[in-house]
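Trainee: I'll drop the sequence and a predicted model, then ask my questions.
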Amino acid sequence: MIKRYLFFLLVFSSLQLTKAQTTQLKFDHFAEKEGLPDAQILLIKQDDQGYIWISTVRGLVKYDGYKFKNCRLDKENQAIQISTMISDKDRNLWFSSAWSGIYKYSRKDDSFSHYPFPPFKKNGKNIHSFLLRFADDEGNLWGNGIVGFPGKNQAVKLNTKDTSIEYFRNVQKPQADFNLTCNIFQSRATGHPIWAGTKKGLFLYDSKNRGFQSYFKLEDTTRQITVNGITEAPLEPGILWLTIFNRYLKQSFIERLDTRNKTFKDFGHQKSAGLTASNDTINELYEDEKQRLWFATQNGLMLFNRQTQTFVNFLPADTDKEAKKNQVYSITEAMNGSLWLRCGKGLLNFDTKTHLFQRYTSNPKDPYTLSWNNVTDLLIDQGGILWAGTRQAGLNKVNTVGSAFQTYPGIIRDGGSYRDGITRNITVSADGYCWYTNDLGIYKWKPGSNNPTLIYKIKKTDIGLDAIYIAKDRKVYFTNGNGLQIYDPDHHQLQSYSYNRDDTASISSNKINYILQDHTGLIWIGTMDKGICTYNIASHKFKRYPYQTGDRTLSGDKLDDDCVDQIYEDRQGIIWVNTLQGGLNRFNRETG
């Protein structure tokens, strides 16, 4: 089931995300009535088998590509809030709840095992908040939890073999304050060392002494440094990027630490090009498929040049005055290489080639926009489809089919819409203009660039404007219900041709369905009740072709029905005609 779903996603994903810069994406919305237990989304993840897991404030949901399934995590079936999801070396799925403990998912029987938090042994206090971060090489689960109330943020390890839980401290004497300020982090470097950021600097896990050692000497300036973030680029294992706050100087800066030779370089807005006081705090680091290093900051997106060791800052050019709109919290890469940014207002898409942004926000008047501007989590699934969870308005998923089209509403807006009225027929001229008929007349329009121009205003004697075609001589061929009309927009002249039963050289019917000019200049006219005829521009004469009605036996020399739906000329100049109750017909130019 899930494989069929992923195949469907793969078919549409390339189209969907490559259109992001030129097309307003359309989002499908999912909330309680679609099967979610709540509209407040905390987390969206996809496992290695393609299932999508959605955490809400009232429970966990698994999506198989067709429907949502509410997960029962305990016997009481309580509404448990899942905060994080990880997989271990055996591809087991583990979920952590801020208040209820840890849960292991069994794929075999589609059930969960609960690992509650035991009391904190030292003083009997309970751990009342916990977030899983990673599984080490031995399968142990690491996270950080709050012990006591009010309590300290401590490093915690769950031994999955005996389900024991360990709380960590600083092994040095005198012990420094080991109150974590950021997530503990496991490096990709040799040995996969485990790091932790604290109010007293950076700490490294000492497996021999089963505790954390200060990475720098305590007598240096790390006493005044708080490590707020730790991350690492996949291309450079062992090089850590730290978000630092110097409490003595009261300044934030970015530090590049090479743990291989214990050297570091500081980047701050006071001395580093491209940095400002608002973007030298890293929210997330991301290395894209081209191995470029991007930073999500408090004020936009930054690109780090590894050769010059400098930063380039990118900010959206929109005029929105909202204060926190350009805070970037996370970076997700689409299949086409563009970057999706979870930001202070809605979503930002950044084209890494053109360096242009497009912001997607909620519009209560448009049901296909983002459902809410406060986005809590982002996912590009295995099929390339974008999912976005919101704080109050449920889950959003890009509608791949709808997003393949640019929609032009009937209201004039920003010079990019068409005139009101039911659009009946559309054609495009060689110069790229769109011509269409509606209840008001015939309009000529360059899509998205200017307001449409009224070329022909409907008359009282017109029954209704329908089929339309722009010929090579720029004349407009259309029907008004009274036969064929030929309008010369340069000289504002109109020629009318109606059916005359006493003239076999007249048009065969006033009821026209389709008009086409072939490569020879001949005009083909498909009617609703008299088959097909042609119009010779030079002689102004019509030629009628035989057709049959009622009898479904193919005669070989007649059109198979009197009602023509469409006429088409292929690359070899062959004319094809499809009819309402017949089938597909091919015209033989030699025999007629």
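Mentor: Nice, I can see it.

Trainee: show me what the helix or strand hosting S113 is packed against.
Mentor: Assigned by DSSP states H and E, S113 belongs to strand 111-115. The contact analysis (3 or more C-beta pairs under 8 Å, 6 or more residues apart in numbering; DSSP states H and E) places strand 111-115 against strand 101-106. Glycine gets a C-beta too; all of them are placed from N, C-alpha and C.

Trainee: ok, the strand it packs on: who's next to it in the sheet?
Mentor: strand 93-97 (antiparallel), strand 111-115 (antiparallel) (DSSP bridges).

Trainee: and the strand holding S113, what's buried?
Mentor: Using 16 or more other C-beta atoms under 10 Å as the burial criterion, the residues of strand 111-115 that qualify are F112, Y115.

Trainee: just tell me which of the strands paired with strand 101-106 ends up closest to D258.
Mentor: For D258, the closest of these is strand 93-97, at 32.0 Å, according to C-beta to C-beta.

Trainee: neighbouring contacts of that closest one?
Mentor: Applying C-beta atoms under 8 Å, 6 or more residues apart in numbering, the external contacts of strand 93-97 come out as 47, 53, 55, 60, 73, 80-88, 102-105, 107, 112, 130-132, 135, 141, 143.

Trainee: and the buried ones among those residues, selectable in ChimeraX?
Mentor: ChimeraX command restricting the contacts of strand 93-97 to the buried ones, with burial defined by 16+ other C-beta under 10 Å:
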select :47,53,55,60,73,80,81,82,83,84,85,86,88,102,103,104,105,112,130,131,132,135,141,143
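
Trainee: tell me which of the contacts of strand 93-97 fall in strands.
Mentor: Within the contacts of strand 93-97, residues falling in strands by DSSP state E are 53, 55, 60, 82-87, 102-105, 112, 130-132, 135, 141, 143.

Trainee: can you pull the contacts of the nearest residue to N510 once chain neighbours are set aside?
Mentor: Sequence neighbours aside, G483 is the residue nearest to N510 in space, at 4.3 Å (criterion: C-beta to C-beta, 6 or more residues apart in numbering). Neighbouring residues of G483 by C-beta under 8 Å, 6+ apart: S496, Y497, S498, Y499, I507, N510, I512.

Trainee: now render the strands paired with strand 101-106 as a markdown table, adding distance to N183 and mean pLDDT.
Mentor: Below are those laid out as a markdown table (distance: least, C-beta to C-beta, whole Å; pLDDT from 0 to 100):
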| stretch | distance to N183 | mean pLDDT |
| --- | --- | --- |
| strand 93-97 | 12 | 91 |
| strand 111-115 | 20 | 88 |
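
Trainee: relative to D366, which of these is closest?
Mentor: When the strands paired with strand 101-106 are compared by C-beta to C-beta, strand 93-97 sits nearest D366, at 35.2 Å.

Trainee: mind checking the end-to-end distance for stretch 101-112?
Mentor: Stretch 101-112 has its terminal residues 12 Å apart, counting by C-alpha to C-alpha, to the nearest Å.

Trainee: actually stretch 582-592, sorry about that
Mentor: End-to-end distance for stretch 582-592, by C-alpha to C-alpha: 19 Å.

Trainee: list the buried residues of that stretch.
Mentor: Quick answer for stretch 582-592 (16+ other C-beta under 10 Å): G582, N585, F587.

Trainee: rank those residues by pLDDT and give me only the lowest.
Mentor: Minimum pLDDT across the buried residues of stretch 582-592 is recorded for G582, with 89.

Trainee: D466 contacts Y477, correct?
Mentor: No. In this structure, D466 is not within contact of Y477 by C-beta atoms under 8 Å, at 11.5 Å.

Trainee: of the two, who's got more company?
Mentor: Y477 (22 against 17; other C-beta atoms under 10 Å).

Trainee: wasn't that one part of a strand?
Mentor: Yes. Assessed by DSSP: H, G, I helix; E, B strand; the rest coil, Y477 belongs to a strand.

Trainee: which residues sit in contact with the residue nearest to it when sequence neighbours are not counted?
Mentor: Residue nearest to Y477 in three dimensions, not counting chain neighbours: Y469, with 4.6 Å by C-beta to C-beta, 6+ apart. Shown in contact with Y469 (C-beta under 8 Å, 6+ apart): T427, V476, Y477, F478, I515, L516, Q517, I523.

Trainee: what are the pairing partners of the strand or helix carrying Y469, and which direction each?
Mentor: Using DSSP H and E, Y469 falls within strand 468-470. With DSSP bridges as the test, strand 468-470 is paired with strand 476-479 (antiparallel).

Trainee: so which residues make contact with the partner strand?
Mentor: 425, 435, 437, 442, 455-456, 465-471, 484-489, 510-512, 515, 517, 523.

Trainee: what is the helix or strand just after that strand packed up against?
Mentor: Going down the chain from strand 476-479, the next helix or strand is strand 484-488, by DSSP H and E. Packing partners of strand 484-488 (3+ C-beta pairs under 8 Å, 6+ apart): strand 476-479, strand 493-497.

Trainee: which other residues reach stretch 242-256?
Mentor: So stretch 242-256 is contacted by 182, 197, 202, 221, 224-230, 239-241, 257, 264-270, 275, 277, 280-282, 295 (C-beta under 8 Å, 6+ apart).

Trainee: give the ChimeraX command for selecting the buried subset of those residues.
Mentor: Buried subset of those, written as a ChimeraX selection, criterion 16+ other C-beta under 10 Å:
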select :182,197,202,225,226,227,228,229,230,239,240,241,257,264,266,267,268,269,275,280,281,282,295
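
Trainee: now the helices and strands packed on strand 484-488 in a markdown table, with distance to Y535?
Mentor: Below are the helices and strands packed on strand 484-488 laid out as a markdown table (distance: least, C-beta to C-beta, whole Å):
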| stretch | distance to Y535 |
| --- | --- |
| strand 476-479 | 8 |
| strand 493-497 | 8 |
